[in-house]
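> attaching a predicted model along with its sequence, questions to come.
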Number of protein chains: 4
Amino acid sequence: MIKQYMSAMGVEEAHYQNGDFEVTTPIDGSVIGKVTLDTVADVDTKIQNAKQAFQEWRVVPAPKRGELIRLLGEVLREHKEDLGILVSLEAGKIKEEGLGEVQEMIDICDFAVGVSRQLYGLTIASERPGHHMRETWHPLGVIGVISAFNFPVAVWSWNTALAIVCGNPVIWKPSEKTPLVALACQALFEKALAKFGEAPAHLSQIILGKTDIGNALVENKDIALVSATGSTRMGREVGPKVAERFGKCLLELGGNNAMILAPTADLDLALRGILFSAVGTAGQRCTTLRRLFVHESVKDDILPRVKSAYETVSIGHPLEGNLVGPLIDEDSFNNMQTALEKARNTGGKVTGGERVLMDKFPDAYYVTPAIVELDEQNDVARSETFAPILYVMPYKEFDDALEMQNDVPQGLSSCIFTNDLREAETFLSDRGSDCGIANVNIGTSGAEIGGAFGGEKETGGGRESGSDAWKAYMRRQTNTVNYSTELPLAQGINFG
Amino acid sequence: MIKQYMSAMGVEEAHYQNGDFEVTTPIDGSVIGKVTLDTVADVDTKIQNAKQAFQEWRVVPAPKRGELIRLLGEVLREHKEDLGILVSLEAGKIKEEGLGEVQEMIDICDFAVGVSRQLYGLTIASERPGHHMRETWHPLGVIGVISAFNFPVAVWSWNTALAIVCGNPVIWKPSEKTPLVALACQALFEKALAKFGEAPAHLSQIILGKTDIGNALVENKDIALVSATGSTRMGREVGPKVAERFGKCLLELGGNNAMILAPTADLDLALRGILFSAVGTAGQRCTTLRRLFVHESVKDDILPRVKSAYETVSIGHPLEGNLVGPLIDEDSFNNMQTALEKARNTGGKVTGGERVLMDKFPDAYYVTPAIVELDEQNDVARSETFAPILYVMPYKEFDDALEMQNDVPQGLSSCIFTNDLREAETFLSDRGSDCGIANVNIGTSGAEIGGAFGGEKETGGGRESGSDAWKAYMRRQTNTVNYSTELPLAQGINFG
Amino acid sequence: MIKQYMSAMGVEEAHYQNGDFEVTTPIDGSVIGKVTLDTVADVDTKIQNAKQAFQEWRVVPAPKRGELIRLLGEVLREHKEDLGILVSLEAGKIKEEGLGEVQEMIDICDFAVGVSRQLYGLTIASERPGHHMRETWHPLGVIGVISAFNFPVAVWSWNTALAIVCGNPVIWKPSEKTPLVALACQALFEKALAKFGEAPAHLSQIILGKTDIGNALVENKDIALVSATGSTRMGREVGPKVAERFGKCLLELGGNNAMILAPTADLDLALRGILFSAVGTAGQRCTTLRRLFVHESVKDDILPRVKSAYETVSIGHPLEGNLVGPLIDEDSFNNMQTALEKARNTGGKVTGGERVLMDKFPDAYYVTPAIVELDEQNDVARSETFAPILYVMPYKEFDDALEMQNDVPQGLSSCIFTNDLREAETFLSDRGSDCGIANVNIGTSGAEIGGAFGGEKETGGGRESGSDAWKAYMRRQTNTVNYSTELPLAQGINFG
Amino acid sequence: MIKQYMSAMGVEEAHYQNGDFEVTTPIDGSVIGKVTLDTVADVDTKIQNAKQAFQEWRVVPAPKRGELIRLLGEVLREHKEDLGILVSLEAGKIKEEGLGEVQEMIDICDFAVGVSRQLYGLTIASERPGHHMRETWHPLGVIGVISAFNFPVAVWSWNTALAIVCGNPVIWKPSEKTPLVALACQALFEKALAKFGEAPAHLSQIILGKTDIGNALVENKDIALVSATGSTRMGREVGPKVAERFGKCLLELGGNNAMILAPTADLDLALRGILFSAVGTAGQRCTTLRRLFVHESVKDDILPRVKSAYETVSIGHPLEGNLVGPLIDEDSFNNMQTALEKARNTGGKVTGGERVLMDKFPDAYYVTPAIVELDEQNDVARSETFAPILYVMPYKEFDDALEMQNDVPQGLSSCIFTNDLREAETFLSDRGSDCGIANVNIGTSGAEIGGAFGGEKETGGGRESGSDAWKAYMRRQTNTVNYSTELPLAQGINFG
């Protein structure tokens, strides 16, 4: 099934057919590849290789490093369809979203090329005569990337495009559910390298495996930055380990993303926004809409329309024109059912959430997206379940909606649909949404690469992609140069 | 002894004379105050008070918040001498350095006032028509500050000036060795508040105590940022605790700061630079010069001059015109002796390091600053001892000196004395010093407040004071506002 | 009348009582001072003095220069009432606005102090190995400031605070209608200098006179920057003269500022916004509201309320609690009458605009603010008359209102009152207002100092005050430092 | 001769063979093309077309606009050789420099693509509660570009890449000496457009002609920005004309660029730096090295080596492996001879400067580069002659050299060769070089696109290419949004 794409991208068959770790597709549960997992010793070797590469790469001028990423962008453009479809096959995303994910990779490459001639530090006014003060940014070291199944390639590219431009080699541990796309990305990176010409070996490496492999990366003092995307549970383990060894962390963890639907909202837009945010990627985006606070004045108008849209949304094979593909695996399905059960027990009115297409795909998990109507927010709604469940709760006062929106442990994405200027600006104000992302008249998912992506609280605090997210991949240095023949002290101190 | 200063600053006698925790001065070991320590329950109460203050303070406009800090600067100007002398009395700093520390407080206030009309976020080009994208910065929450004895007031002011301007209340746990200056700072803050007019209660609070009190702060989920200055050992405990609860950390830990003294250096300047950096504050600055790499061609010229300067440096009561005051306590003295003993055992040639003035100050610890000559860098030199020990090591090649300078676990401050452009710029380059601070023809200590202060590796990675250090006290948010009548998706995705 | 204030501020009587140029107050037309005008030769001498000062001042560290401005801010705080009242007496502003203007001076001083530790340039990634690239900002030279009567002191302070911090001396030519406040500002500056200690002579100088004196400044090649505030006519003369000698210009010229009053506007706020913007400073602000586009659905609601407010607004002596003071002089009154006459002739319905208080103040010009109702915008409305005339025009479609708002030669300030998010964001978008200032739910006047102040088109394009307006007072330099032993060329050129 | 290149780039023969304006090559003076010049009426039509395009293009999202420039970069990569050779043929540059110029076009495209997702404005702290303040950047309007023969394509691309990304159409008037490359650039732009898909017509237009055509552009009020590269004389005419109509100007005028060659310089590097900067492009770069201040201690060492290099530098057909091609025309040759004559008359010792290859190229002007030794700087050296003349002058004290370097009316590029840190940093300091470009151990010419390019004084003050030069192509707007239910005034004013 995957051979034509792998072959087009230059992945050797030996790499994905001869291993002893089976890779299944969520589309029908069949095995689509067999890869070889790395051992902890392999990880250490690769880290040492990367350290070596760092010594060389850090002194290559950044615009030259940017040229490699420009070429990666070109290669990705050529193989957009190949990689996009492979994402669908391995992660179960619908085709349009698989292609969108590759487009995101292309976008970040373009952006990083521009950044490669910037990496701006500061020159700063010094209080001492004959002194120059500056703040400069330097390459950081080996970057470890841990990514999740749901954005199996974009997250790598966000990190890699910036890390490489910033002068750092990357070691990537993809989800054990999606090793094949990782092999493909590595092959595409090597295509770019081939066009680029001379570069140190081991700029980009992948390590395949499970938690033990991830831990080997996390605990290794030679990994300068661990950029980890996944669950809050994972972050709660990774963070302290890295902190203990004084490494740096960039965490992208769970989200429990909400929309406030206000009386003045354009309901047509809102309906589309809800649908894409809540059921896109079968509810398995970090930024998936999970909570909907709807003003009581519009609830009876919008809710039937949402339900109706939910009923008609096409569910099935992600490459056959459907809007909703499968859940990633059985665990995911079970977690969803458990959450819905809890919701029912706390008085929630559940619509949807049933398994479908069992006949056609007995070993895969397709579900109808679920709506849970609650009178008020409860602990079930406050928990993140990585599946298409939308909790719908009414509100009367804007301030109450805002408070409920913030009243969860996570802080990734949030939005309001309103045409009321005061509501919108308040939502974006110092007392507004406490999330890393706050949108107006856009759903919670679907960020542009030009902004910094990430969130607060249990979402982990990391920022990737646009704005000055590149600074996470560099170390900052304050320089003062005395070019005078005196040695005045700061704060006017007179010593001796 | 301290009454006149405390009284001038408005600290009530009851606060520093009636407690059961004795505060001694390192000058002669005598008790100069008796304070009451907080309990863990007190800490929790104060945190809840601060949370309340946060709700109000975050919506006060930042330039208005800046006005409070401007007034604090004014108050500090009025009481510069009072507070500076109190620092000398409680921490043993010489007068000039005590005053310098207060000047640093004044400087950061001035700077923070300017920042209060900035707090710049970004407006960003969006890829979607009819969309506006922005990055905004919002108040973070309650800030916990843990500081050390050696900069007993400046570190508080760095954090407080920025935190307050950024919209956050502060809870400060000073070193248990310096509670009196904390009482004074709190009184001065209240003077500023009185001039300011209406403000929420509990914007600034202090908590006095030992590790248990510090832990109560560190572990409390309502402390949004723990800004902790101290030892690497402390940081290794604090970091994981805060990471586990998804709080934010700003760590300023140990330094093992070095100077490279190159053949073209202006030796007169270098001598002064060494002296101030190595013996200033009796070697008890985070940025104290601890390692000197001297080019073999100038070693015989400079080393005798350094030794001679060491011999003549005046040691004694910090308010009586001496350049070197006491060590903070007996532990500090013992650690120094242990390190010197180790140095001797590994072949180091030790000059100085003896206790002096025992007759005059039997309960205090005055030492002559020590020089340890080593043939090459060893593990003793690679460890930080918080006392005036200078390891002197020769080098032949610049690249070797650079490698040795970086070959320690810490990464705070570093410098080179040279008039060779290539050496200087290489030292500041991507393959140069790996410290957070890298100076040319300036010693390792004595930073201006306009730059970001802090370091890499085991120094903890935090940055305080100038540049955009204020961002540590805020949370970042990416906003996209759709003001069109369409709902285009990023990456050109077409959904449904 | 002015003696007590002048004396308090330290202006010697000889400077304002013995001259042969009479200064009259617009309050009652009486002579309040007699000053000596400068000759062209005086101007040249002062410029040469300033050049000398520049040589010294440019190498004083910027934070030290900032200290002078901090002290100026302190002096202004002390004399806020003195100077504010003097502004009222000489320029006819009401007391509250005179004080507000001094507050603006204080604010810019605070801001400039912060900037004095920034003056940020960039460090930039170089494409060549062993190269460092930077962008730095350096002092520019002597700054010439030409200001108008209506902000007789704030404009000087905007320029001076930044210019001084940036390392430049200032020569100020105030309006010949307001020389007394200039003498006062100079005296206050000298008070600050006295506190500051050693500084070069001639950092701040004033030149009094008319157009010939202004021209002597404008045409002198030693004036690096001419910062001129006044009429478009003036700017049309100044600009080319400065351009011809390759000097720099910062022009703040006319405005023809408009409000769009939309159906969803909070009319109570809008009423207050109209009143302050249209009649404040008797319509003599650059940012005075001159055109009101009111949606037909709210016209009948708001217009009577505006008229009613206009009728009840108190007109009279500016220090006696009134809201509207006198016009600056007879010319101003005549221009107003001419404009109203034209308006009537083109079908406008005029309310108000009559001279009042002739009995009490026969030699002064107090008028009732005028409203001119027009069916559509015409050339009268498209011209700026520096007097309290408000043209009111209806609109049906938002896009039409936007087009009319932009359809004038000037481009200073603009605003919309609306609670409709789409309208607001469109107004602020790439196809929205073409002015330098665009507000939502705020009138056209009353800018904060933290933003850049100025406008497009015939307003002249200059920017003063906040944001990075300081860059106008510096010169930019791109540095590349080669610290390698090779000489690679940019763009990979291989030469020879 | 040019057909194969024109054809490859898609220029129709009719456009360059059928006109009545003859284009000659400086290589041998032969006619290589016949183009049709525009009339003033044509210019007006094209400007109106561009205005129309602006209405549409300004609302296309900037990252989308960036995609067009990315495609232009791709097209330029494909046709690098074609366009580079055409530059050689029409402007006489040697091949390596022609290719380098195209590389510069490619570089700026890459950079501008990155910028297209930035165009960063600011969000700013407001002093008023419930208010948001921002600074935004908007498209400016039609950009007029006037370029010179010596960088016949790069200057267009610098302006066009940024202008297009910023939302503006461009009208380009190339030098009448190089219309053919302009036709080629336009054709390449159209190739990019074809790949891009739907875009407004007339985004890029060229106008061919002489001064009258240039004036028609300069004087047209619909040209929002005139970006003009050429002589100081030209700038002195253009600047006032644009100022009078309140347009914006970006002037890149003459340079009289100098090198200080200090005692510690690496003379091997310096020799190469002198050679490339002084004789590259036959001395016809804006940044050509024209003045050499050599320390007396190294003069006898370096000068013979420079002379020797000058003697051996190959002069001839620019596409046949030579380092020095022809002067652009006879006028240029005559000006050079006049300058040399003056130099001799003022005591200068002239080496070189003779016409060569007259037999082979009777209608072209090849010269040996000239060295003029002067005892001290005089008015001849202070004038710019656009030809390969290098004035060599000795100095004793660094400060004297610095003063002489600055003592010219122009302020474009400058450099020092030194390994002395103090000299280097002083050269880059507030009292150092007064040029827009100041390099250390790099010649005066050959800037990277990542820095801002341009200079001070009679060089005109404009900045192009990197850093935030894009801001010249946009208009700045300060926004304040009141989302509260109150209307507080700035500066705390209380009105009515």
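Alright, I've got the coordinates. Residues are numbered from 1 along each chain as shown, chains lettered A, B, ... in the order given.
> per-residue pLDDT, the nearest residue to A:G451 once chain neighbours are set aside?
The spatially closest residue to A:G451, leaving aside those adjacent along the chain, is B:T478, at 3.8 Å (CB to CB, 6 or more residues apart in numbering or on different chains). Backbone N, C-alpha and C define where each C-beta goes, glycine included. With respect to pLDDT, B:T478 scores 98.
> work out for me the element B:T478 sits within.
Here B:T478 sits within strand B:474-482, counting by DSSP states H and E.
> show me what that strand is packed against.
When contacts are defined as 3 or more CB pairs under 8 Å, 6 or more residues apart in numbering or on different chains; DSSP states H and E, strand B:474-482 sits against strand A:437-440, strand A:452-453, strand B:131-139.
> excluding its backbone neighbours, what's nearest whatever residue of chain A ends up closest to chain D?
Residue of chain A nearest chain D, by CB to the nearest CB: A:G114 (0.8 Å). Excluding the flanking residues, the one nearest A:G114 by CB to CB, 6+ apart is D:G114, at 0.8 Å.
> give the contact list for the one you found.
For D:G114, the contacting residues are A:110-118, D:66, by CB atoms under 8 Å, 6 or more residues apart in numbering or on different chains.
> distance between the one helix or strand it maps to and the chain's centre?
Using DSSP H and E, D:G114 falls within helix D:95-115. How far helix D:95-115 lies from its chain's middle: 13 Å, per CA atoms, centre = their mean, to the nearest Å.
> which residues of chain A score low on pLDDT?
Along chain A, the model assigns pLDDT under 70 to residues A:496.
> is the residue nearest in space to the middle of chain A part of a helix or strand, or is it coil?
Nearest to the mean C-alpha position of chain A, counting by CA atoms, centre = their mean, stands A:V155 at 5.1 Å. Under DSSP: H, G, I helix; E, B strand; the rest coil, the three-state class of A:V155 is helix.
> which non-adjacent residue is nearest it?
A:S147 (4.2 Å).
> do A:F427 as well
Counting by CB to CB, 6+ apart, the residue nearest A:F427 is A:I416, at 4.6 Å.
> my read: that neighbour touches A:I442, true?
No - contact status for A:I416 versus A:I442: not in contact, 9.6 Å apart, counting by CB atoms under 8 Å.
> would you list every one of the helices in the stretch 1-150 of chain A?
Along the stretch 1-150 of chain A, counting by DSSP state H, counting those that start in this stretch, helices occupy A:3-9, A:13-17, A:40-57, A:62-78, A:80-91, A:95-115.
> looking at those helices, which is nearest to C:S433?
Checking these against C:S433 by CB to CB gives helix A:95-115 as the closest, at 29.1 Å.
> hey, C-alpha coordinates of the closest one in PDB?
The C-alpha coordinates for helix A:95-115 follow below in PDB (Å, rounded to 0.1, in the frame of the first residue of the first chain):
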ATOM      1  CA  LYS A  95      -6.300  13.600   2.700                       C
ATOM      2  CA  GLU A  96      -7.000  17.300   2.800                       C
ATOM      3  CA  GLU A  97      -5.500  17.400   6.300                       C
ATOM      4  CA  GLY A  98      -2.500  15.300   5.400                       C
ATOM      5  CA  LEU A  99      -1.800  17.700   2.600                       C
ATOM      6  CA  GLY A 100      -2.400  20.600   4.900                       C
ATOM      7  CA  GLU A 101       0.100  19.200   7.300                       C
ATOM      8  CA  VAL A 102       2.800  19.000   4.600                       C
ATOM      9  CA  GLN A 103       1.900  22.600   3.500                       C
ATOM     10  CA  GLU A 104       2.600  23.600   7.100                       C
ATOM     11  CA  MET A 105       6.100  22.000   6.700                       C
ATOM     12  CA  ILE A 106       6.600  24.000   3.600                       C
ATOM     13  CA  ASP A 107       5.500  27.200   5.200                       C
ATOM     14  CA  ILE A 108       7.800  26.800   8.200                       C
ATOM     15  CA  CYS A 109      10.700  26.200   5.800                       C
ATOM     16  CA  ASP A 110      10.000  29.400   3.900                       C
ATOM     17  CA  PHE A 111       9.800  31.300   7.200                       C
ATOM     18  CA  ALA A 112      13.000  29.800   8.600                       C
ATOM     19  CA  VAL A 113      14.900  30.800   5.500                       C
ATOM     20  CA  GLY A 114      14.000  34.400   6.200                       C
ATOM     21  CA  VAL A 115      14.900  34.000   9.800                       C
END
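> enumerate the residues of the stretch 351-496 of chain A near chain D.
Residues of the stretch 351-496 of chain A lying near chain D by CB under 8 Å from any CB of the partner chain: A:421-422, A:424-426, A:428-429, A:448-450, A:466, A:481, A:483-485.
> now with 7 Å?
A:421-422, A:425-426, A:450, A:466, A:481, A:483 (CB under 7 Å from any CB of the partner chain).
> next, give me the two most distant ones among those.
Using CB to CB, the pair of these lying farthest apart is A:R422 and A:Y483, separated by 54.2 Å.
> this completes my enquiry, with thanks.
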